[in-house]
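Enquirer: Predicted model, plus sequence, below.
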Amino acid sequence: KALAWCPWQSGLLASGGGTADRMLRFWNTSSGACVNSIDTKSQVCSIVWNPHDKELVTSHGYSQNQLTLWKYPSLTRMAELTGHTSRVLHTALSADGTTVVSGAA
């Protein structure tokens, strides 16, 4: 359901699975190998990398309807932002890379 290129590591692609899969995976696009993964416990709707630090934000639908901040490559959950009452389908990063906005439907 979601794809995003890492801005600070060439050839690193993050992908997020749907309701049945729920996985956040990281791919070396040169070799095709999955280099890291974690079960997020809910569908992954979008992925945004932090261009200034080794972090990323994922937005989620069923069943959590939340945003999660991850440290990379440890995949430690740094924060979980709740409050949306439906699937968080879209996220966008500000031009200076310091703010993420989200929209749910």
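Expert: Good, I have the coordinates.
Enquirer: Against the centre of the chain, work out the most remote residue.
Expert: In the chain, the residue that sits farthest from the middle, by CA atoms, centre = their mean, is S31; the gap is 21.6 Å.
Enquirer: separation between that residue and L24?
Expert: Using CB to CB, to the nearest Å, we find S31 at a distance of 19 Å from L24. In this view, the C-beta of every residue, glycine as well, is placed from N, C-alpha and C.
Enquirer: all strands of this protein, in order?
Expert: 2-5, 12-16, 23-28, 33-39, 44-49, 55-60, 67-71, 76-81, 88-93, 100-104 (DSSP state E).
Enquirer: Can you list the strands that the shortest one pairs with?
Expert: Okay, so that is strand 2-5. strand 12-16 (antiparallel) (DSSP bridges).
Enquirer: Could you check the angle the strand it pairs with makes with strand 67-71?
Expert: What separates the directions of strand 12-16 and strand 67-71 is an angle of 150 degrees, with axes from the mean of the first three to the mean of the last three CA atoms, to 10 degrees.
Enquirer: CA atoms only for strand 12-16, dumped as CSV, please.
Expert: What follows is strand 12-16, C-alpha atoms only, in CSV (Å, rounded to 0.1, in the frame of the first residue of the first chain):
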residue,chain,number,x,y,z
LEU,A,12,17.0,1.8,0.1
LEU,A,13,13.2,1.5,-0.5
ALA,A,14,10.6,1.2,2.3
SER,A,15,7.3,-0.6,1.5
GLY,A,16,4.2,-1.0,3.6
